[in-house]
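**Q** could you work out the structure for the sequence below:
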Amino acid sequence: MRKLLFLLLLGITVPMQAQKTYYVSPNGSVRANGLSKETPLKDLQKAIDLAEEGSTILIAEGNYLGNMDRGYIECGRFGNGADNGKFLKFYGGYSLDFSKRDPAKYITKIQPNEKSLRSIGSALFHITARRAYGDKRPAGEVVVDGFTFDGGEFIQYYKPDVNDPRTGTPNKEVLTGMLIHPDSQAGNAIGISKADWRALHLTVEGKVKVTNCVFVNCRYFGLQGGMGAGHIEVSNNIFVANRYAACEIWGMLAAGRENEITLDFHHNTVLFSWPITKEFETMGQGFRFMNGIRNINVYNNIFAFNARCGVERCRYEGKKEYENLKQSNLYNNYFLGNMYDLEICDKSVPINVPASRIEEAEQIGPKFEGNKEMPFIQSFISAIDAPYLKGFTELKLSTTESYDANSATNQMNRYLGLNQQGTKTTRVTMFANKYPWEKARNLFGAVKGYGAQVPEKK
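**A** Numbers count the residues shown, from 1 in each chain. The predicted structure follows:
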């Protein structure tokens, strides 16, 4: 150690120790060291806890529920500003013996189920990777590659019943009735939890990549996170049937430093993003341009059948000079069947822009070319679960109101000089119903050059 410090003081470069590779497999052991194919760990959380900064973790096919099947995994504690986590790279999609990697064939899942604890927490998978204040070391690299995130076995839905409109069951072939809101009471429920959680949540900086993943049936965003200085690439992923929005990432640096963060969102397939409630009042976007990032590029994606809009650009920086420097590039994307293709805001008033007119939206650019309504492509339509698509395209929402002047509540309110009250009932034929996760994976490679392509084998 003294020799190392002496060399550093002299300015002599000291080679860094080679970073380790850890192996995780359902056939492994929680007591193994995880440092070889022959001695894999069984628990992904244990591998994260053991891994040194900069290590790579290879994960075989299987479902990973966290330590003691708690239902979530974390690198760094969510919401703990003193916990800086560590920079790790995660690659799923390996065969059980690690001889092959094919994320399309060997499925690495984070899919909580009845074995999981009743409360997931903030996210199925949370990653913190950043430097502490004053730490001069360069930021490292974070990779999340080849995972399927599915909450469909954990979420509470109404039991499907086409004869009961309260269940939001559009046809007999869909897997479930609609998602049950946290404030609702339902005796005919299936599933475990009404709590909201993200699939993948990031608090990161440096070089970050999320690729070859599937985000399906997520209650509170598919991918959400805050980005520090560096670049994040979200590419070749499938987002299906996620509530709130499929993806939103914002910058975490102080105002004026937005140019230190860049984001590329490309070759993703984004379908069936749902709003917060069955009243369809807010949210339900595919990708959201957020604040704090100077340069965002969104290209070669497919945005289809999203309940509100494929893309939203409604966030504005606090200072006009910073806002004027933003580059919200949106180009070469396919749009199909969204309520709105692009939503922008002018003085907080939403403006809905079809794909054919995106070039007229001054908030978009300098790259804006090539956005278009998606032509009929049989391979794409065939890759979508047919009952789900039918239910969405036939979706109906109705509201009824009633007022009873002689109700006990209104009699008391009149006596106290308070406003009269009525009741409002909303019926919707479909809302965030469970999507078959296996079929979500069929969307890889459905359209050549647009959306998620078939992941490479190794």
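**Q** tell me the pLDDT of the residue nearest to Cys345 when sequence neighbours are not counted.
**A** Once flanking residues are discounted, Cys345 sits nearest to Cys314: 3.9 Å by CB to CB, 6 or more residues apart in numbering. Just so you know, the C-beta spots here come from the backbone N, C-alpha and C atoms, and that holds for glycine as well. Here the pLDDT value assigned to Cys314 is 94.
**Q** list the residues that contact Cys314.
**A** For Cys314, the contacting residues are Phe289, Glu343, Ile344, Cys345, Pro350, by CB atoms under 8 Å, 6 or more residues apart in numbering.
**Q** got a quick PyMOL command for the buried subset of those?
**A** Typed into PyMOL, the line below selects the buried ones among the contacts of Cys314, using 16 or more other CB atoms under 10 Å:
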select buried, resi 289+343+344
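**Q** and the next helix or strand past the helix or strand hosting His231?
**A** Using DSSP states H and E, His231 sits in strand 223-235. Going down the chain from strand 223-235, the next helix or strand is strand 238-240, by DSSP H and E.
**Q** Ile296: what's it in contact with?
**A** Thr262, Leu263, Asp264, Phe265, Phe289, Lys326, Gln327, Ser328, Asn329.
**Q** recalculate using a threshold of 6 Å.
**A** Taking CB atoms under 6 Å, 6 or more residues apart in numbering, we find Ile296 in contact with Leu263, Phe289, Ser328.
**Q** would you say the last one is within a strand?
**A** This means Ser328. Yes. According to DSSP: H, G, I helix; E, B strand; the rest coil, Ser328 belongs to a strand.
**Q** OK, contacts around the closest residue to it other than its chain neighbours?
**A** Spatial nearest neighbour of Ser328, excluding adjacent residues (CB to CB, 6+ apart): Phe289 at 5.0 Å. Each residue near Phe289 by CB under 6 Å, 6+ apart is listed here: Ile296, Arg313, Ser328.
**Q** sitting in helices, which of the contacts of Cys314 do you find?
**A** With DSSP state H as the criterion, helices contain none of the contacts of Cys314.
**Q** Throw the contacts of Cys314 into CSV and include distance to Gly140 and pLDDT, thanks.
**A** Compiled in CSV, the contacts of Cys314 are given as follows (distance: CB to CB, whole Å; pLDDT from 0 to 100):
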residue, distance to Gly140, pLDDT
Phe289, 27, 97
Glu343, 36, 97
Ile344, 36, 96
Cys345, 36, 89
Pro350, 40, 87
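**Q** between the contacts of Cys314, which is nearest Val174?
**A** For the contacts of Cys314, the closest approach to Val174 (CB to CB) belongs to Glu343, at 27.5 Å.
**Q** okay, now the closest residue to the closest one other than its chain neighbours: neighbour count?
**A** Leaving aside its sequence neighbours, Glu343 sits nearest to Cys309 (CB to CB, 6+ apart; 4.2 Å). Cys309 has 27 neighbours, counted by other CB atoms under 10 Å.
**Q** shouldn't Cys309 be in contact with Gln285?
**A** Yes. Assessed by CB atoms under 6 Å, Cys309 is found in contact with Gln285 at 5.3 Å.
**Q** now the strands for the stretch 101-250 of the chain?
**A** Using DSSP state E, counting those that start in this stretch, the strands found in the stretch 101-250 of the chain span residues 108-110, 123-129, 141-145, 148-150, 157-158, 189-190, 198-211, 214-216, 223-235, 238-240, 245-251.
**Q** name the nearest of the contacts of Cys314 relative to Tyr157.
**A** Distances from Tyr157 to the contacts of Cys314, taken by CB to CB, are shortest for Glu343, at 27.9 Å.
**Q** picking up where we left off before, format the contacts of Phe289 as JSON lines; extra columns: distance to Gly449.
**A** Listed next are the contacts of Phe289 as JSON lines, based on distance: CB to CB, whole Å:
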{"residue": "Ile296", "distance to Gly449": "21"}
{"residue": "Arg313", "distance to Gly449": "24"}
{"residue": "Ser328", "distance to Gly449": "23"}
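**Q** can you point out the buried residues in stretch 56-66?
**A** By neighbour count on 16+ other CB under 10 Å, the buried set for stretch 56-66 is Thr56, Ile57, Leu58, Ile59, Ala60, Glu61, Gly62, Asn63, Tyr64, Leu65, Gly66.
**Q** quick one: low-confidence parts of this structure?
**A** Scanning the chain for pLDDT under 70 picks out 1-18, 117-120, 398-426.
**Q** closest to the centroid, which residue in it?
**A** For the chain, the residue nearest the mean C-alpha position is Gly222 (1.7 Å; CA atoms, centre = their mean).
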